[in-house]
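[1] structure for this input, please:
(2 chains)
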Amino acid sequence: MSEPLVLVADDDDDILLLVTTRLRRDGFEVVAARDGDEALALVRAQRPRVAVLDIGMPGLDGLEVLAQIRADAGLRDTRVLLLTAKAQESDVRRGYTAGADAYVRKPFSPAELSSRVRELVDQTAGTGQ
Amino acid sequence: MPPLRDLKPWHLYLGVGLALIPVYFAFASGGDAQSAVFLVVNGAAPPAVLYGIRLHRPELRLPWYLFAFAFACSVVANVLALAQPNAPEPSLSDGMFLAAYPFAAAGLLLLMFSASGRHKLAALADAGIVTFAFAVFQWTYVMAPAIRAAGGTGERIVDGLYPAMDILLLAGLSGFFVSPAWRAPSFRLLGAGIGALFVGDEVVGLAPSSYSAGSWIDTFFLLAYVLLAVAALHPSMTELSRSRSMPTLRVSPGRVGVLAAALLVAPVVLVTQKLRGKPLDLYEVLSLAAASSVLVVARFTGILRALERIRLRERSARAEAEAMQRQLAEQNERLLEADRLKDEFVALISHDLRTPLTSIIGYVELALDEDVGPVLDGERRSYLEVVSRSSERLLRLVDDLLFVARLQAGRLVLDPTELDLAAIARQSVTEAQPRAERKGLELSCFGEGPVPVQGDRGRMFQLLDNLVSNAIKFTPEGGEIHVRTRQTENGAVLEVSDNGIGLAPGEIERVFERFFRSSRAVDGQIPGTGLGLFIAKAIAEAHGGCISVSSRDEGGTTFRIELPAQLETGAQMPRAELVA
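    Got it, this is the predicted structure:
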């Protein structure tokens, strides 16, 4: 069985590199996107097990990408983890209401993020993706 | 009737004076006894006025001295008249009587001027209008007939002068109505006295032959003496010379009526005389009427000007109020703008500080990861560990500032769940253990779980972390920190105690204030922002609990948090609504 595929979308190159590095070291296969549109296209084309989406992105933002994923019946097994620098609790609520599976607030520990991704992957392990 | 001990001199004087009037008529007409009573009533007046001045000490005394002098003249005149009952007119007695009037009138005018305050000219004009109008009447019906009557020139002049003097007194009285002084009892007594004198004089003037000593007409003169003296004894006499002008002159129907009646006197008198076939004193009547008209016009002009001034004042006041309102609205807008900018600023720090911190903390963590890459040498590792600790501290500071900013904006929102306080305490202690060990502190947790409470898990960790970090910070090497949790009847209690530097006396009350730093922390150069305990208190209170602190002077502090078992829903829900 190949390594589980994870999509990471963030407009900040440093964060993107940080997350992809950590996830790759922890044994994931990672595809990276720099904005929402690219992320959505990659999710549809490559069907990652988990999508790590930054909320604040140019173009489609993380919440909009999440909405598109949830609207697509073919993508119902995709787990979504939201990342945000916003400190507002109301954003957390909005994220969960929109159907996010996990939520990590910036700044985060890469190791912790990685373990949250691992949890999500394990949840989908039985689906045969 | 006032009780006896409250009797004032003016009560006594009025009572005795009025009682003497029937006594006067009880004696034989023209007898010595009657004359004596008359002289007593008349003669008591000047000392009564002087006594009134001494008693009440009015601001302006000259008018009252003039009244006293006028009374004295009348006493002398009466004594002379009694001594020489058949002296030919004009007698010395008449001279003294007539001399009394100008003094009394001067006194009245002085009082009027003083009482009318800002409205001196209006008072003078009113007095003038009434004087001229009354003079028309007085001339036509009293003075001219007296002068034209048969008899010696001197006698006719004297008979004509008495009514002229009454005009003076009436003029003095009428000027008072522009000031509130006319409501004073003393003024009413003065008016009644002058009125009585006037009635007596008029009766004598209209029918000079009807008067003889002891006649009923003396009632008026006696009454006048008593009332005028009582006016000086009444406490309100001081009000007559106190300048208390009305704020604005009102154009009452009464005032307009008096002015209109004054204009009508001359034509009415002329027509009446003509109809009765009596002589018309055209020059005298018309010149008085002309003078009266000029004053009426002047008075109306004054009233109109005053109204115009009021209108202008109102307009400018309204404009001022409108300008003020505009200014307030602008200020309000600026405040709202400032508030919006503050919110934007908070959002900005929250994003822009957290993003680089994510990189710093994340990459340092990657660099310190021993699983991957070449192993770091000890020195580089220690540098990176400093970077790690510092960035964690910076993150905590940013979080604290954001928390306080949101708290100030009323946006502390709880996400309550069922919690085990004991488990949270154990986990917090475990997480803080490395920091305590680095400082050589013994950190231990006591209490058998579970201790169930309702609360926001994240906030509860924040609260515990704040208290434990605080204890670590303020306890010197070798110290002990104890964290205890226990269930109580109403909920749960959490205690964090240390044997650290403690608080100085007087600081206990202030320790939860925002940005408060204890003097020992400042002296010991222990870093901090003074926000940790403020936040701890806010979290405890948001959960419906309370926080308290006790400290021993020689060192050691205990923070105690009491939390209810059930979170009162709704306590913070209104605030939650504010967020959206």
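[2] from here on, just use CA atoms for contacts and neighbour counts.
    Fine.
[3] would you list the phi and psi of A:Glu3?
    Backbone torsions of A:Glu3, given as degrees, to the nearest 10, read phi -70, psi 140.
[4] now B:Ile561
    When read as degrees, to the nearest 10, the backbone of B:Ile561 gives phi -120, psi 130.
[5] before we move on, what about B:Gln487?
    Main-chain torsions, B:Gln487, degrees, to the nearest 10: phi -80, psi 140.
[6] without its sequence neighbours, what residue ends up closest to it?
    B:Val451 (5.4 Å; Cα to Cα, 6 or more residues apart in numbering or on different chains).
[7] and the one you found, what does it touch?
    B:Leu419, B:Asp420, B:Leu421, B:Ala422, B:Thr485, B:Arg486, B:Gln487, B:Ala492 (Cα atoms under 8 Å, 6 or more residues apart in numbering or on different chains).
[8] ok, the third one to chain A distance?
    Counting by Cα to the nearest Cα, to the nearest Å, the separation of B:Leu421 from chain A is 22 Å.
[9] which residue is nearest the middle of chain A?
    A:Val52 (1.3 Å; Cα atoms, centre = their mean).
[10] list the contacts of whichever strand or helix holds that residue.
    Here A:Val52 is covered by strand A:50-54, with elements defined by DSSP states H and E. The contact list for strand A:50-54 (Cα under 8 Å, 6+ apart) reads A:5-11, A:43, A:61-62, A:78-84, A:117, A:120-121.
[11] need the next SSE after it, C-terminal direction.
    helix A:62-71.
[12] is that next one in proximity to chain B?
    No. Applying Cα under 8 Å from any Cα of the partner chain, one finds helix A:62-71 separated from chain B by no less than 15.2 Å.
[13] following that helix, which helix or strand comes up?
    Per DSSP H and E, the first helix or strand lying C-terminal to helix A:62-71 is strand A:79-84.
[14] between that following strand and helix A:62-71, how many degrees?
    Using axes from the mean of the first three to the mean of the last three Cα atoms, to 10 degrees, the direction of strand A:79-84 lies 170 degrees away from that of helix A:62-71.
[15] strand A:79-84 pairs with which strands?
    Sheet pairing for strand A:79-84, assigned by DSSP bridges, gives strand A:50-54 (parallel), strand A:102-105 (parallel).
[16] secondary structure element holding the residue in chain B that chain A sits nearest to?
    Relative to chain A, the nearest point of chain B is B:Thr358 (4.1 Å; Cα to the nearest Cα). Per DSSP H and E, B:Thr358 falls inside helix B:282-368.
[17] so which other helices or strands are in contact with whatever helix or strand comes next after that helix?
    Downstream of helix B:282-368, the next assigned helix or strand under DSSP H and E is helix B:378-408. Contact partners of helix B:378-408 among helices and strands, from 3 or more Cα pairs under 8 Å, 6 or more residues apart in numbering or on different chains; DSSP states H and E: helix B:282-368, helix B:532-542.
[18] got the buried residues for the next helix or strand after helix B:378-408?
    Scanning forward in sequence from helix B:378-408 by DSSP H and E, the next helix or strand is strand B:416-420. For strand B:416-420, the neighbour count (16 or more other Cα atoms under 10 Å in any protein chain shown) marks B:Pro416, B:Leu419, B:Asp420 as buried.
[19] run through the bridge partners of the second one.
    Looking back up the chat, that one is B:Leu419. Here B:Leu419 sits in beta bridges with B:Val453, going by DSSP bridges.
[20] list the contacts of it.
    Residues near B:Leu419 by Cα under 8 Å, 6+ apart: B:Val451, B:Pro452, B:Val453, B:Gln454, B:Gly455, B:Arg457.
[21] so it versus B:Pro452, what's the distance?
    As defined by Cα to Cα, to the nearest Å, B:Leu419 lies at a distance of 6 Å from B:Pro452.
[22] sorry, back to before: include pLDDT when you put the contacts of B:Leu419 into JSON lines, please.
    Listed next are the contacts of B:Leu419 as JSON lines, based on pLDDT from 0 to 100:
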{"residue": "B:Val451", "pLDDT": "89"}
{"residue": "B:Pro452", "pLDDT": "89"}
{"residue": "B:Val453", "pLDDT": "90"}
{"residue": "B:Gln454", "pLDDT": "89"}
{"residue": "B:Gly455", "pLDDT": "88"}
{"residue": "B:Arg457", "pLDDT": "85"}
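[23] and those residues, which of them are buried?
    Taking 16+ other Cα under 10 Å as the criterion, what is buried in the contacts of B:Leu419 is B:Val451, B:Pro452, B:Val453, B:Gln454, B:Gly455, B:Arg457.
[24] wait, doesn't the second one sit right on B:Gln566?
    No. Distance between B:Pro452 and B:Gln566: 9.3 Å, which falls outside the contact criterion (Cα atoms under 8 Å).
[25] and for the two, which residues touch both?
    B:Gly491.
[26] okay, now residue 49: neighbour count?
    You didn't say which chain, so I picked chain A. 23 (other Cα atoms under 10 Å in any protein chain shown).
[27] wrong one, chain B
    25.
[28] quick one, what contacts it?
    Taking Cα under 8 Å, 6+ apart, we find B:Val49 in contact with B:Trp64, B:Tyr65, B:Phe67, B:Ala68, B:Ala229, B:Val230, B:Ala232, B:Leu233.
[29] where does chain A have low pLDDT?
    A:1, A:85-91, A:125-129 (pLDDT under 70).
[30] which single residue in it comes nearest to chain B?
    For chain A, Cα to the nearest Cα, closest residue to chain B: A:Pro107, 4.1 Å.
[31] wait, that residue touches B:Arg354, no?
    Yes. Counting by Cα under 8 Å, B:Arg354 is a contact partner of A:Pro107 at 5.6 Å.
[32] so who does A:Pro110 touch?
    A:Leu18, A:Val19, A:Arg22, B:Gly362, B:Glu365, B:Leu366.
[33] at 7 Å instead, please
    Applying Cα atoms under 7 Å, 6 or more residues apart in numbering or on different chains, we find A:Pro110 in contact with A:Val19, A:Arg22, B:Gly362.
[34] if you rank these by neighbours, which is first?
    Taking other Cα under 10 Å as the neighbour criterion, A:Val19 ranks highest of these with 26 neighbours.
[35] quick check: closest non-adjacent residue to that one.
    In space, and not counting its chain neighbours, A:Val19 is closest to A:Pro110: 6.4 Å by Cα to Cα, 6+ apart.
[36] which is the next helix or strand following the helix or strand A:Thr20 falls within?
    Here A:Thr20 sits within helix A:13-25, counting by DSSP H and E. Next along the chain after helix A:13-25, taking DSSP H and E as the criterion, comes strand A:29-33.
[37] what pairs with that following strand, parallel or antiparallel?
    Strand A:29-33 has the following strand partners under DSSP bridges: strand A:5-9 (parallel).
[38] and the strand it pairs with, how far out from the chain middle?
    Here strand A:5-9 is found 6 Å from its chain centre; the criterion is Cα atoms, centre = their mean, to the nearest Å.
[39] could you export that strand as CSV, keeping only the C-alpha atoms?
    Extracted C-alpha coordinates of strand A:5-9, given in CSV (Å, rounded to 0.1, in the frame of the first residue of the first chain):
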residue,chain,number,x,y,z
LEU,A,5,-1.7,11.3,0.1
VAL,A,6,-2.2,14.6,1.9
LEU,A,7,-2.9,18.0,0.2
VAL,A,8,-1.6,21.1,1.9
ALA,A,9,-2.8,24.5,0.8
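[40] ok so, going back, deepest of the strands paired with strand A:79-84, which one?
    Highest mean neighbour count among the strands paired with strand A:79-84 (mean count of other Cα atoms under 10 Å in any protein chain shown): strand A:50-54, with a mean of 27.
[41] measure how that strand sits relative to helix A:13-25, angle-wise.
    Going by the same axes, to 10 degrees, strand A:50-54 makes 160 degrees with helix A:13-25.
[42] and the helix holding B:Thr358, what does it pack against?
    On a contact count with 3 or more Cα pairs under 7 Å, 6 or more residues apart in numbering or on different chains; DSSP states H and E, helix B:282-368 meets helix A:13-25, helix B:120-138, helix B:253-276, helix B:378-408.
[43] looking at those, which is buried most?
    The highest mean neighbour count among the helices and strands packed on helix B:282-368, using mean count of other Cα under 10 Å, belongs to helix B:120-138: a mean of 23.
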